[in-house]
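> next one to model:
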Amino acid sequence: MEELIELFKKFPGIGPRQAKRFVSFLMHSNNSYRQELIEGIHSVNNKVITCVACNRKYINYKNTDKCNICSKTRENKNLLILAYDNDIEIFEKTLAYNGQYFILGKYIPLFSEKAHEYVDFDRLYKRIENMTMQGLEEVILALNATSDGDYTIKILKDNLGRKFPEIKISLLGRGISTGSEIEYADQETLREALKFRR
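Presented below is the predicted three-dimensional model:
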């Protein structure tokens, strides 16, 4: 039980109490449901791949190495850097952005001195280098307005500024209030944040 609780606690937004509820639910579920859950997780394990362009995880059902968004024709002058896969869908719904994306996968924890353990800088640099040859002008850091988000922005700005001094690096306008997460922002707020980036 303790091992399962620890596994569930790794889900975003799940604390010890909720993790215990999940374990209790599983223990009281019938065998067929548990088996269905196991098969579902196993299926995801076999079909999830990483997009070669944006670093997003997706279910590969079309036998392609690019996700459904990177497979479309998009502008190459802007690269929007996001933390999580879900954030792409949120920006797509605003209809205010038609550039390229890159997913970090996680934030760099505040005061961490091992940023490379959290962000795949080699992959990010390669993405920017490839896009530079296609006319990249600006990298937009679209991260949560939290302490970890701000720290990740600082590390990215320092590293990208040194490696690509010719490329403009901008931040979303703070229509997104401090402490809030992109996932919960409405479309108008995100449109404004993109419009008034700095």
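
> the host helix or strand of residue 35 - what's its average pLDDT?
Secondary structure assigned from DSSP states H and E places residue 35 in helix 31-47. Per-region confidence: helix 31-47 scores 90 on mean pLDDT.

> and the helix or strand just after that helix, which strands flank it?
Per DSSP H and E, helix 31-47 leads on to strand 48-50 as the next helix or strand towards the C-terminus. Strand pairing for strand 48-50, determined by DSSP bridges: strand 57-59 (antiparallel).

> which of the residues in stretch 143-161 are buried?
Within stretch 143-161, the residues scored as buried using 16 or more other Cβ atoms under 10 Å are 143-146, 148-149, 151-153, 155-156, 159-160. To be clear about C-beta, it is placed using only N, CA and C from the backbone, and glycine gets the same treatment.

> ok now that stretch, how far from the chain's centre?
Stretch 143-161 sits 13 Å away from the centroid of its parent chain (Cα atoms, centre = their mean, to the nearest Å).

> do the same with stretch 58-71
The gap between where stretch 58-71 is centred and where its chain is centred comes out at 16 Å by Cα atoms, centre = their mean.

> returning to that earlier point: of the buried residues of stretch 143-161, closest to residue 131?
Taking Cβ to Cβ as the measure, residue 131 lies nearest residue 160 of the buried residues of stretch 143-161, at 12.4 Å.

> got the phi and psi for the spatially most central residue of the chain?
With distances taken as Cα atoms, centre = their mean, the residue of the chain nearest its centroid is residue 84 (1.7 Å). Geometry field for residue 84 lists phi and psi as phi -120, psi 150, criterion degrees, to the nearest 10.

> from residue 107, how far off is it?
Using Cβ to Cβ, to the nearest Å, we find residue 84 at a distance of 9 Å from residue 107.

> same question for residue 127.
Where residue 107 is concerned, residue 127 sits at a distance of 18 Å (Cβ to Cβ).

> now swap in residue 59 and tell me
Using Cβ to Cβ, one gets 24 Å for the distance from residue 59 to residue 107.

> of the two, who's got more company?
More neighbours surround residue 107 than the other of residue 59 and residue 107, with 22 against 12 (other Cβ atoms under 10 Å).
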